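J.: just to be clear, the model below is a prediction. Sequence and coordinates:
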Amino acid sequence: MATPTETKPPAAEQPQHVELAITGMTCSSCAARIEKRLNKVDGVTATVNFASEHAAIAFDPAQVDIADLIGAVEAAGYGAALPEAVTDEDPARPYRRRLVLAVALSVPLMVFAWIVASRPPGWEWISFALATPVVFYAGWPFHRAAAANARHGVATMDTLISVGTLAAWTWSTVVLAAGMSTSVYFDTAGAITALILLGRYLEARAKRRSGEAIRTLLELGAKEARVLREGAEVLVPVEELEVGDRIVVRPGEKVATDGVVESGTSAIDQSMLTGESVPVEVGPGDAVAGATVNTSGRLVVQATRVGATTALAQIARLVADAQAGKAPVQRLADRVSAVFVPIVIAISALTLVGWLLVGDATTTAAFTAAVAVIVIACPCALGLATPTALMVGTGRGAQLGIVIKGPEVLEHTRQVTTIVLDKTGTLTEGKMAVSAVVAAEGVDEDELVRLAAGVEDASEHPIARAIAAYGRDRLGTLPAVESFSARAGLGVEAVVDGHAVVVGRPSLLSDWGTSLTDALVHEVGRLQGAGSTVVAVAADGEVKGLVAVADRVKATSRQAVAGLRALGLTPVLLTGDHEATARAVAAEVGIDRVLAGVLPEDKAAEVARLQEAGEVVAMVGDGVNDAPALAQADLGLSIGTGTDVAIEASDITLVAGDLRAAVDAIRLSRRTLSTIKGNLVWAFGYNVAAVPLAVAGIVNPIIAAAAMAFSSVFVVTNSLRLRRFHSTEEA
């Protein structure tokens, strides 16, 4: 009997990501509406950022394509296009000409309305002639947007402005045409339009400044590269570079792309990428990043990453992703904005009816209060409160070599109580170096170094490499080695200049029939207590002395730990090294709590134990073995000089290898969160206070328009203060 063939469903395609530039948004309720429309499309997850005017979209290509996404946005009444199809023009330009006209015509309108003595005969008709182009030409963007939204059954900030100005103009025109003996409001219609256009103009300029950091970062890359082809230098656009190309970088030029130095030595200025002002010396075998500047010698660099895979491009992408996201506090603001406009229109209608029904209020007073409610309550500041601060904060971080991966990270930095620090590569340089040489009695120190370095030069062990490098620096050329052999976990043996030499653990010497003197045993204890690894050296059965090797503590680590304490955090040293070494490093940098001898696979468990004890834990690391702990921590910070795995697992990447950047990252994140909350308090508080004043008739429509415009500009300029944030190094 035949068995039916089982068919497996096709594997689901990985979601694709795209960013669309959105046009036509005027407040956060617009962004919320587009976001809701996109997320209704099958296979789509979208976030729309009002401040950056972009939508970040993840979609299933088997269910939907980019044309469908653009169509969904257009169906909501807005425009969408791929960012490369959008010209990078000044967003304030569309408002400039309309603003000039509105101001020029509104000034005489205000004079006629407020200075009775200067009114010429027929001033009402002159006011009509002046106000009409202001309302219908200068204010056309508001009416067009309001009409488009009305066709979709929704109301936005533009609806409020359009209704307010058209109501004032229509009422005044009816009064004038009918010859009624009551006030006209042409000045109100003109002034509201002019003031809101001014607010939009200033807001657009400020919003552009808020995104300058990331645009500047992207513009830092080289535009052309000198590629070696058949022995000649050929100038090509960077877009044509391929992995493996050999690129010539002359003094003063930018490195075209990420690569490895093949020949030449120089100092590279990495300040644009890491925030570090001191150039870094590089030579053959050293990695260099694109867009950094070669300050001195000629280099030949072999390209290892090009285009979107370079460090600069990845940083820009991570920052853009963070700016497109939404902090939890912003989601509340979005929900409020989505229902705010209809509520305001209802309050305005009730205000009009209430004034007419209660007391002996005139129609003029009732109409004035109703228009004031509509104008003053525009929720623009509410929509700008979070995204502008997030754009400026993450952009400033990128300039300082701090990449914040998402807005939710800001909340985590505020809550952290304990910060766990990896030792190697985080507190220390991650490179072994000779820390002490102790010669036995009667032994020349240079002879000790020559024998030890000569043997170790044949080994690839990190300790051996450190001793060999020290020997070359001190003595020059090292002697030839014969009969080399390594004994795993113990040391190495070889013949140097006819001498049988052993270098390794002190216990290895017993195999050669010798042992350390009491004086050298004492030195071993002292050096190990100071955090060094000690190897003994013997030749021809005689002890020659000791060589101590240590991973040096970074010069800035103690300052960084002090900075973390100042932020209210408790530092904890977590390392796989033995207790004595860990304690020595901890004492040097000012850490009291040490978790030593922790295996790589147990680091995440140690972080979990701290969390179970009620601590909110941040973790700083740089290696593959740190990745699980970085992911387990409430906040993961990876040293950018570390592995890609560690960087991917973290929430914040510190592009430079300086731990002080962790202090700056937490300070900047907290400052950004504080700015967001300050903006939201102002935006909510402004509407809570302003609307009742307008309902009570205390605020007239013109002052309402000025207050609304000022509210939006205040929120954006308050966010721009983050551009002045200084790093610990600069402070």
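T.: Perfect, thanks for sending it.
J.: what ranges does the stretch 101-250 of the chain have for its helices?
T.: 123-133, 140-151, 157-178, 186-210, 212-219 (DSSP state H, counting those that start in this stretch).
J.: for the first one, what is the average pLDDT?
T.: Averaged over helix 123-133, pLDDT sits at 90.
J.: just the helices of the stretch 101-250 of the chain: most buried one?
T.: Stretch with highest mean neighbour count among the helices of the stretch 101-250 of the chain: helix 186-210 (a mean of 25; mean count of other Cβ atoms under 10 Å). Yep, even glycine has a C-beta here, placed from its N, CA and C like the rest.
J.: which SSE is Ala46 in?
T.: In the assignment (DSSP states H and E), Ala46 maps to strand 44-49.
J.: low-scoring pLDDT stretches of the stretch 501-650 of the chain, where are they?
T.: 600-601, 623-625, 627, 640-650 (pLDDT under 70).
J.: where do the strands sit along it?
T.: Taking DSSP state E, counting those that start in this stretch as the test, the strands found in the stretch 501-650 of the chain are 533-539, 542-553, 570-574, 593-595, 617-621, 635-639.
J.: quick one: contacts for Thr428?
T.: Shown in contact with Thr428 (Cβ atoms under 8 Å, 6 or more residues apart in numbering): 551-554, 557, 585.
J.: before we move on, the earlier item: please identify the pairing partners of the strand holding Ala46 and their relative orientation?
T.: strand 54-59 (antiparallel) (DSSP bridges).
J.: and the partner strand, average pLDDT?
T.: Mean pLDDT, strand 54-59: 84.
J.: could I have the CA atoms of it written out in CSV?
T.: Written as CSV, here are the backbone C-alpha positions of strand 54-59 (Å, rounded to 0.1, in the frame of the first residue of the first chain):
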residue,chain,number,x,y,z
HIS,A,54,9.3,58.9,8.0
ALA,A,55,7.6,55.5,8.3
ALA,A,56,9.7,52.5,9.4
ILE,A,57,8.0,49.4,8.0
ALA,A,58,8.6,45.6,8.2
PHE,A,59,6.5,43.6,5.7
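J.: residues contacting that strand, please?
T.: Under the contact criterion Cβ under 8 Å, 6+ apart, strand 54-59 has outside partners 15-22, 34-35, 38, 41, 43-49, 69, 73, 80, 83, 320-321, 324-325.
J.: any stretches of the stretch 51-200 of the chain with poor pLDDT?
T.: Low-confidence segments of the stretch 51-200 of the chain (pLDDT under 70): 51-52, 84-91, 116-119, 156-157, 182-183, 199.
J.: tell me which of the helices of the stretch 101-250 of the chain sits nearest to Leu241.
T.: Leu241 lies closest, by Cβ to Cβ, to one member of the helices of the stretch 101-250 of the chain: helix 212-219, at 16.6 Å.
J.: enumerate every residue touching the nearest residue to Leu235 once chain neighbours are set aside.
T.: Nearest non-adjacent residue to Leu235, counting by Cβ to Cβ, 6 or more residues apart in numbering: Glu224, 5.4 Å away. Counting by Cβ under 8 Å, 6+ apart, Glu224 makes contact with 235-238, 256.
J.: what subset of the residues you listed is buried?
T.: 236, 238, 256 (16 or more other Cβ atoms under 10 Å).
J.: columns pLDDT and distance to Pro61 on top of the residues you listed, output as CSV?
T.: Formatted as CSV, the buried ones among the contacts of Glu224 follow (pLDDT from 0 to 100; distance: Cβ to Cβ, whole Å):
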residue, pLDDT, distance to Pro61
Val236, 87, 33
Val238, 84, 29
Ala256, 86, 33
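J.: and Ala287, how many residues sit next to it?
T.: Burial of Ala287 is recorded as 14 neighbouring residues (other Cβ atoms under 10 Å).
J.: one step back: just the strands of the stretch 501-650 of the chain: most buried one?
T.: Between the strands of the stretch 501-650 of the chain, strand 617-621 has the highest mean count of neighbours, a mean of 30, where neighbours are mean count of other Cβ under 10 Å.
J.: which helices and strands does that strand pack with?
T.: For strand 617-621, the packing partners by 3 or more Cβ pairs under 8 Å, 6 or more residues apart in numbering; DSSP states H and E come out as strand 418-422, helix 603-612, helix 627-632, strand 635-639.
J.: most packed of the ones you listed?
T.: strand 635-639 (a mean of 28).
J.: relative to strand 617-621, how tilted is that strand?
T.: Relative orientation of strand 635-639 and strand 617-621, computed by axes from the mean of the first three to the mean of the last three Cα atoms, to 10 degrees: 10 degrees.
J.: can you list the strands that strand 635-639 pairs with?
T.: strand 617-621 (parallel), strand 652-654 (parallel).
J.: from the middle of its chain, how far away would that strand be?
T.: 13 Å (Cα atoms, centre = their mean, to the nearest Å).
J.: cool, stretch 130-139 as well?
T.: That offset, for stretch 130-139, works out to 42 Å (Cα atoms, centre = their mean).
J.: report the contact partners of the residue nearest to Ala584 when sequence neighbours are not counted.
T.: Distances taken as Cβ to Cβ, 6+ apart put Gly531 closest to Ala584, at 3.1 Å, once the chain neighbours are dropped. By Cβ under 8 Å, 6+ apart, the contact list for Gly531 reads 550, 580-585, 588.
J.: of those, which is the most crowded?
T.: In terms of neighbour count, Val585 stands highest of the contacts of Gly531 at 27 neighbours, by other Cβ under 10 Å.
J.: ok, that residue touching Val553?
T.: Yes - here Val585 reaches Val553: they are 6.0 Å apart, a contact under Cβ atoms under 8 Å.
J.: overlap of the contact sets of the two?
T.: With Cβ under 8 Å, 6+ apart as the test, Val585 and Val553 both reach 427-428.
J.: list the helices and strands the host helix or strand of Leu720 packs on?
T.: Taking DSSP H and E as the definition, one finds Leu720 inside helix 701-720. In terms of contacts (3+ Cβ pairs under 8 Å, 6+ apart), helix 701-720 is packed against helix 186-210, helix 363-376, helix 380-399, helix 660-695.
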